[in-house]
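*Asks:* just a sequence and a predicted model for now, questions to come.
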Amino acid sequence: MSHGKTREDKTCLNCGHQVEERYCPHCGQENVESRHPFYFLFTHFVEDFTHYDGQFWGTLKNLLLSPGKLTNIYLEGKRQKFVPPVKLYIFVSFVTFFMFALFPMVNIGSDNADKKNSKISFLDKMKSPETQKIFDSIKAQKNLTREDSIAMKNLSLLPDTATVENIQETLDMNKAIDNDFSFSGYKTRKSYDSAVAKNPSFWGFMLNPIAHKFYELKEKGVTKKELMKNMVEKSYHNLPKALFLYLPLFAFFLWIFHSKKKWWYFDHGIFTLHYFSFLLLIILFIFLLSKLTGLISFNVLNALLYLIICILAIYSIAYFYIAHYRVYHTHGIVSLMIGGILFFINFFAFMFLLTGLAIVSFLMLH
């Protein structure tokens, strides 16, 4: 409910009709003063979602605790009781990604002061004489077991000249992408282009831009830390767009598996908006709880938080099956089968989308 002051003039500023009470009977606009203090912008934004006679909180409650209820009510034509699906998704998306920006998901690198105050690192332990002797004794063996070979290879310890310092150097995030790094075995763009010209690949249209970007970053001396940081930032900025683009695809998969006469694509779109709004909220809750675990040193409380995170993750999966069953009114087993098929289809489709997002993010680096 708005707290704006009612105008003395009873002529509607929007359509010119006479306003007997607070709202215009012709267009519905509230007849309040049009000029407000600056803080009104923020209070009005909050009021839009929290002061519609409990509309927002009722929507939030039903969205989280009553799978499918909001979709059913909306498709029945009762569209004033709760926040509209599109408006709800935009608001939840805004809050979720605002919190991600406020509390970064990935903190790449750490200050020297933090390193000094932290416990002994894994690499410091590996540089101990005792550990180095173990590695040397393993390398000296003529016949290594399969497990030892894989472990030594992954740690880059197979060459005779390798030392523990090599591992630290390899993992050093401040190290630039130098000549030790290659793309498909080619260390320079010239050698790569020459090989591609002789033996063109079907995937060249996708691999060539990635390779050229790799060599471009290599020539600029970009460090691994800068590369990782920029990749995370670019992916984060592209993620809302990717999710928004995936909405119609998710609805399309629903449309394929249900009766075209009974269910319109619009109906699936409403279900999708409500489900994705729920998923964003669950992701936000899990994100905040995981951040909280890093701030609490009390083991029992941490264990409780991890338990809640696991419950939320399981609930997010079960939510879809419950909502699908309540909205589409299919038989329990049929709903479970369709839900399972849709889950796997959407999983692979979304993984494909995330891969594309990562490629686009990489190509946007500079």
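*Replies:* The structure has been received and is ready for your questions. This is a predicted model, so every value here is computed, not measured.
*Asks:* CA atoms for contacts and neighbours, from now on please.
*Replies:* Will do.
*Asks:* need phi/psi at residue 258.
*Replies:* Backbone torsions for residue 258, taken as degrees, to the nearest 10, come to phi -130, psi 160.
*Asks:* burial of it, as a residue count?
*Replies:* When counting by other C-alpha atoms under 10 Å, one arrives at 16 neighbours for residue 258.
*Asks:* do you know the pLDDT at it?
*Replies:* pLDDT recorded at residue 258 is 88.
*Asks:* what's the distance between it and residue 252?
*Replies:* Applying C-alpha to C-alpha, to the nearest Å, the value for residue 258 to residue 252 is 10 Å.
*Asks:* and if you look at residue 186?
*Replies:* Distance of residue 186 to residue 252, given as C-alpha to C-alpha: 42 Å.
*Asks:* again, but for residue 77
*Replies:* As for residue 77, its distance to residue 252 is 22 Å (criterion: C-alpha to C-alpha).
*Asks:* residue ranges with poor pLDDT in the protein?
*Replies:* Judged by pLDDT under 70, the chain has its weakly predicted residues at 1-4, 34-54, 104-182, 224, 232-238, 366.
*Asks:* wait, residue 276 sits on residue 89?
*Replies:* Yes: the pair residue 276 and residue 89 qualifies as a contact (C-alpha atoms under 8 Å) at a distance of 7.3 Å.
*Asks:* so which of these two has more stuff around it?
*Replies:* Between residue 276 and residue 89, counted using other C-alpha under 10 Å, residue 89 has the larger neighbour count: 22 against 18.
*Asks:* phi, psi of the residue nearest to residue 25 when sequence neighbours are not counted?
*Replies:* For residue 25, ignoring the flanking residues on the chain, the nearest one in space by C-alpha to C-alpha, 6 or more residues apart in numbering is residue 19 at 6.8 Å. Dihedral pair for residue 19: phi -110, psi 110, per degrees, to the nearest 10.
*Asks:* does residue 19 touch residue 8 like I think?
*Replies:* No: with contact defined as C-alpha under 8 Å, residue 19 does not count as touching residue 8 (10.3 Å).
*Asks:* neighbour-wise, which of these two wins?
*Replies:* The neighbour comparison of residue 19 against residue 8 (other C-alpha under 10 Å) goes to residue 19, with 20 against 9.
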